[in-house]
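Peer 1: Mind looking at a prediction? Sequence and model below.
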Amino acid sequence: MTPRGYLALVLHAHLPFVRHPEHEHFMEEEWLYEAITETYLPLLEIMEGWNRDGVRWRLTMSLTPTLCSMLQDALLQERYLRHLDNLIALASMELERTATTPAFHQSALMYHERFLCRRRQWENCGRDLCAAFRRHMEDGNLEIITSGATHGFLPLLRSQQGAVEAQVSVAVDHYRRTFGRSPSGIWNPECGFYPGLEDVLARNGLKFCFVDSHGILFADRRPRWGVFAPLMTPAGVAAFGRDQASSRSVWSTEEGYPGDPRYREFYRDIGFDLDFEYLLPFLHESEVRIATGIKYHRITGKTPLQDKEPYREADARDAAAQHAGHFLFCRQQQTLQLSGLMEGRPPLIVSPYDAELFGHWWYEGPMFLDQLVRKAGAGQDDVALTTPREYLENFGEGLQTAVPSMSSWGFGGFNEVWLEGSNDWIYRHLEEAAGRMAELAEAHPSPDPLVKRALDQAARELLLAQASDWAFIMKTNTVVEYAVKRTKAHLVEFNALCDSIRSGTIRPGHLEFLEWKDNIFPDIDSSVFSPQRAGLTV
């Protein structure tokens with residue numbers, strides 16, 4: 001039976017490139033290890049469960065180039081195994097410590113078994129999560145899309161068009177090398193769009209992108225079907241808009257499911273609760289307390305420091321199943337209301353989220369997703385799961401032509417997060433650097449091997465400096481010192497390389513050090529910044 005409408009679940013999996021081989025332990029590398037343990041491996045586990053049980057499923061994921069580069073890095077793979085073994089050892093100690101407190105001991109058993117399971121998964125997939133996700137794509141169930149090379153916020157890089165071209169072109173090339181095919185779509189970093197970006201995407205062979213709902217609603221033509229059908233830009237790139245109702249169900253601190261008191265409290269962790277000497281063997285060499293991922297309380301009380309009740313996994317699983325049912329029911333009601341208003345076109349509900357919400361921030365997120373997909377695939381014909389590429393293949397004819405407005409999914413909907421008092425200083429430096437890179441790339445169309453290496457490393461340093469993550473961290477006032485240091489360090493190295501190329505004083509030893517330390521995109525070609533390559537003018 002033909003469904004009344006379609007649901008596209010989109011998970012944006014991204015982390016900034018954090019790799020410090022010059023240090024034996026580096027605290028910010030924990031971001032990757034936590035995401036692997038709590039999000040990426042659990043997502044693979046539920047995908048394998050759907051296949052095992054014959055569930056029909058469709059899911060779209062962006063795996064950003066920086067994330068893929070880290071997941072495929074041998075050093076970080078080895079360090080993750082060390083991290084996981086430490087978690088297993090800590091969980092073993094917790095089994096003993098909580099033996100006389102049954103409410104906590106049950107959770108300790110859960111963590112110990114879960115960490116052992118993650119280690120088995122890690123080894124079974126050959127420590128290569130990109131290959132594991134790729135297999136699901138090749139089966140036709142998972143649509144993997146790309147993003148900006150280093151997640152640069154494109155609306156604020158467009159003053160140097162070559163910078164936008166490089167972010168997109170390098171990403172597309174990296175995707176081909178990683179997944180063995182060209183990407184069909186892109187997650188614009190931070191869901192950022194500006195009129196004219198569609199031309200860059202089209203030049204790089206991309207067929208669709210995503211914008212926030214107001215990008216569609218404020219397009220240059222009034223959208224006939226609102227956000228419930230993509231707009232086709234004149235460049236031939238479709239723009240899919242985010243559905244606000246389904247977003248609120250998961251994101252909103254007031255209405256969202258993750259605030260249910262049966263779910264696990266994110267901010268209460270034994271890394272801050274237990275005796276320092278007990279935890280010392282598992283802390284960073286700086287002896288700073290950190291979150292371990294072992295949390296025994298559920299969301300009760302108004303603040304993380306208040307007394308909270310013990311976590312009960314069975315209750316949380318029940319909540320996840322109930323919320324999945326409610327989410328699906330609401331999408332069914334949406335399609336029932338919309339299907340008679342869209343002139344024969346089936347409505348499409350696009351529900352995008354940060355992938356790390358599922359498992360890391362919302363521990364039960366993978367349980368919710370598992371139940372949602374299973375419920376969608378059984379016993380109802382109102383809503384079917386799809387991907388943007390699949391929707392375009394089936395219903396791409398007759399789409400309205402229009403260009404979305406400038407937009408993002410950040411606070412306020414435009415540039416405010418990435419351009420304000422804490423971070424506005426970076427853009428004059430990024431603009432000047434992109435101009436220098438374009439000039440050097442154009443001036444050296446056939447460089448000798450040493451100059452070629454220096455140009456390519458300069459391109460890497462510039463791309464790493466452009467990452468939107470650094471501006472975001474400065475705005476949110478988290479690890480600001482690290483974000484400022486990364487931005488400045490990449491720009492300093494970039495400018496030093498440019499000066500050495502121009503003066504003919506390249507230092508091979510220092511260049512080799514940078515190639516070892518900032519080793520992202522080993523096959524990059526700095527000519528991607530050349531205006532001539534993209535048919536642009538300086």
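Peer 2: Happy to help now that I have it.

Peer 1: For the rest of this, base every contact and every neighbour count on C-alpha atoms.
Peer 2: Will do.

Peer 1: which strands and helices sit next to the longest helix along the chain?
Peer 2: For the chain, the helix with the greatest residue count under DSSP state H is helix 313-339. With contacts taken as 3 or more CA pairs under 8 Å, 6 or more residues apart in numbering; DSSP states H and E, helix 313-339 sits against strand 5-13, helix 244-251, helix 365-376, strand 383-385.

Peer 1: Can you name the element that comes right after it?
Peer 2: Counting by DSSP states H and E, the element after helix 313-339 in chain order, helix or strand, is strand 348-354.

Peer 1: Dump the C-alpha coordinates for that next one into CSV.
Peer 2: The C-alpha atoms that make up strand 348-354 are tabulated as CSV, following Å, rounded to 0.1, in the frame of the first residue of the first chain:
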residue,chain,number,x,y,z
LEU,A,348,7.9,14.7,3.4
ILE,A,349,8.8,15.4,7.0
VAL,A,350,12.5,16.0,7.4
SER,A,351,13.8,15.5,11.0
PRO,A,352,17.5,16.3,11.4
TYR,A,353,19.4,16.1,14.6
ASP,A,354,23.0,16.0,15.8
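
Peer 1: I'd like the mean pLDDT over that strand, please.
Peer 2: What strand 348-354 shows for mean pLDDT is 98.

Peer 1: rewinding a little: and the longest helix of the chain, what's buried?
Peer 2: Neighbour-count burial for helix 313-339 flags 313, 316-317, 319-321, 323-325, 327-329, 331-332, 334-336, 338-339 (criterion: 16 or more other CA atoms under 10 Å).

Peer 1: For stretch 252-270, measure first residue to last.
Peer 2: Stretch 252-270 has its terminal residues 27 Å apart, counting by CA to CA, to the nearest Å.

Peer 1: Could you pull out the buried residues of it?
Peer 2: Neighbour counts over stretch 252-270 (16+ other CA under 10 Å) mark 257-270 as buried.

Peer 1: Who are the packing partners of the worst-scoring helix or strand of the chain on mean pLDDT?
Peer 2: Here the helix or strand of the chain ranked lowest by mean pLDDT, DSSP states H and E is helix 244-251, holding a mean of 92. For helix 244-251, the elements it packs on are helix 313-339, strand 348-354, judged by 3+ CA pairs under 8 Å, 6+ apart.

Peer 1: now the ones you listed in CSV, with distance to residue 530?
Peer 2: Supplementary listing: those in CSV, determined by distance: least, CA to CA, whole Å:
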stretch, distance to residue 530
helix 313-339, 47
strand 348-354, 33
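
Peer 1: Which of these sits closest to residue 452?
Peer 2: Counting by CA to CA, residue 452 lies closest to strand 348-354 out of the helices and strands packed on helix 244-251; the figure is 36.9 Å.

Peer 1: What pairs with that closest one, parallel or antiparallel?
Peer 2: Sheet pairing of strand 348-354 (DSSP bridges) gives strand 5-13 (parallel).

Peer 1: What residues sit buried inside the partner strand?
Peer 2: Within strand 5-13, the residues that qualify as buried by neighbour count (16+ other CA under 10 Å) are 5, 6, 7, 8, 9, 10, 11, 12, 13.

Peer 1: wait, the fourth one sits on residue 385?
Peer 2: Put plainly, it is residue 8. Yes: at 5.9 Å, residue 8 and residue 385 qualify as touching, with contact defined as CA atoms under 8 Å.

Peer 1: Overlap of the contact sets of those two?
Peer 2: Counting by CA atoms under 8 Å, 6 or more residues apart in numbering, the contacts common to residue 8 and residue 385 are 58, 59.

Peer 1: Domain parsing of the chain, as residue ranges.
Peer 2: 5-72+128-220+227-264+311-395, 426-529 (automatic domain parsing).

Peer 1: how about those domains in JSON lines, adding distance to residue 279?
Peer 2: Below are the domains of the chain laid out as JSON lines (distance: least, CA to CA, whole Å):
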{"stretch": "domain 5-72+128-220+227-264+311-395", "distance to residue 279": "16"}
{"stretch": "domain 426-529", "distance to residue 279": "23"}
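
Peer 1: of all the ones you listed, which gets the most neighbours per residue?
Peer 2: Among the domains of the chain, ranked by average contacts under mean count of other CA atoms under 10 Å, first place goes to domain 5-72+128-220+227-264+311-395 (a mean of 20).

Peer 1: Centre of the chain to it, how far?
Peer 2: What separates the centre of domain 5-72+128-220+227-264+311-395 from the centre of its chain is 8 Å, taken as CA atoms, centre = their mean, to the nearest Å.

Peer 1: Tell me the span between the first and last residue of that domain.
Peer 2: End to end - CA to CA - domain 5-72+128-220+227-264+311-395 spans 12 Å.

Peer 1: sorry, back to before: so which of the domains of the chain gets nearest residue 93?
Peer 2: domain 5-72+128-220+227-264+311-395 (18.9 Å).

Peer 1: I'd like the average pLDDT over stretch 281-292.
Peer 2: pLDDT averaged over stretch 281-292 gives 87.

Peer 1: The residue lying farthest from the centre of the chain in helix, strand or coil?
Peer 2: No residue in the chain sits farther from the centre than residue 100, which is 40.7 Å out by CA atoms, centre = their mean. Three-state secondary structure (criterion: DSSP: H, G, I helix; E, B strand; the rest coil) places residue 100 in coil.

Peer 1: Tell me the pLDDT of it.
Peer 2: Note for residue 100: predicted pLDDT of 97.
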